[in-house]
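# how would this look folded up:
(one chain, ligands or ions: 2)
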Amino acid sequence: MIRLVKASRTYGSPPIVALDSVSLEIGAGEFVAITGQSGSGKSTLLNLLGGLDHPTSGEVVVDGTHLESADDRELTLFRRTKLGMVFQFFNLLPSMTVVENVEMPLLLRGEHDRGVRKAALAMLEEVGMGHRAEHFPHQLSGGEMQRGAIARALIHTPSLLLADEPTGNLDSTNASQVLAVIAKIASRRTTTVIMVTHSDAVAALADRRIQIQDGFIASDSTRTH
Ligand SMILES: Nc1ncnc2c1ncn2[C@@H]1O[C@H](COP(=O)(O)OP(=O)(O)O)[C@@H](O)[C@H]1O
Ligand SMILES: [Mg+2]
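Ligands and ions are numbered 1, 2, ... in the order given. I've put the predicted structure just below:
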């Protein structure tokens, strides 16, 4: 599903090596936590996997797409069909209701029939947000906004969900609701889930934990249930 071959990302001059020749394979349906200190390269890795950034050298292949050499058209297609992404700050469009936000990826794909609203409402039910569909983001708690963002990230049934510190800005109650949703999605094994987190407790939910240190993989362990 995912293959990195000696992927590096350096910034600026003199160069800061954010990711240092990382090789890695992740199988379809895996639930992986990426941990490491602030500045270790976690977001850089996730951004490469989402095609938001290109490696300075090496290969990044996700679900058959060579992201290191993909042009804008291929990247757009990749994001619209294969990728869902959520971030620490929820990035819902403030002028749209929750259900309109969730519909957006389908509208961008050119779907405009009545099935779009139905699918968005079903997805919101799925994340426990059916009762908030017609609200605007500012009317929601942080955890509700994040669950809305997750619904939007999943509406087009991507093969990969990337989450960069999805609970980093939430209190513990909201965080556990968001994590329950992510764990539920991961447990179905139809979507590969890769989640960056600072928290050992959060990382323990995943089946596999990859620790990043100074742009390297310091450890990579799979949990035996
Ligand atoms: N756009 C950028 N320009 C320059 N340096 C950057 C940029 N983005 C990240 N870095 C540097 O790369 C390293 C890794 O950053 P990042 O991947 O954001 O770490 P993490 O997500 O683990 O906190 C850090 O030293 C950071 O300062
Ligand atoms: Mg980060």
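# With adjacent residues omitted, what lies nearest to the closest residue to ligand 2 within the chain?
Residue nearest to ligand 2 within the chain: residue 43 (3.2 Å; CB to the ion). (C-beta placed from N, C-alpha, C; glycine too.) Leaving aside its sequence neighbours, residue 43 sits nearest to residue 164 (CB to CB, 6 or more residues apart in numbering; 5.7 Å).
# what residues are up against residue 11?
residue 18 (CB atoms under 8 Å, 6 or more residues apart in numbering).
# how long is stretch 193-211 end to end?
End-to-end distance of stretch 193-211 (CA to CA, to the nearest Å): 16 Å.
# Surely the residue of the chain closest to ligand 2 touches residue 196?
Yes: using CB atoms under 8 Å, residue 43 is in contact with residue 196, at 6.8 Å.
# Those two: which has the busier surroundings?
residue 196 (25 against 19; other CB atoms under 10 Å).
# these two touch, right, the more buried one and residue 182?
No: in this structure, residue 196 is not within contact of residue 182 by CB under 8 Å, at 11.8 Å.
# hey, what's in contact with both of the two?
residue 163.
# Buried residues of the lowest-mean-pLDDT helix or strand in the chain, list them for me.
Between all helices and strands in the chain, the lowest mean by mean pLDDT, DSSP states H and E belongs to helix 200-203, at a mean of 90. Burial within helix 200-203, assessed by neighbour count using 16 or more other CB atoms under 10 Å, is assigned to 202-203.
# Touching it from outside, list them.
Applying CB under 8 Å, 6+ apart, the set of residues contacting helix 200-203 is 33, 35, 167, 175, 179, 195, 197, 209.
# Next secondary structure element downstream of the helix or strand containing the first one?
Going back to what we said before, that points to residue 33. Element membership for residue 33, per DSSP states H and E: strand 31-35. Sequence-wise, the next helix or strand downstream of strand 31-35 (DSSP H and E) is helix 42-49.
# between residue 43 and residue 196, what contacts are shared?
residue 164.
# After the helix of greatest length in the chain, which helix or strand is next?
When the chain is scanned for its longest helix (criterion: DSSP state H), the result is helix 172-187. Sequence order places strand 192-196 as the next helix or strand after helix 172-187, per DSSP H and E.
# Many thanks, have a good one.
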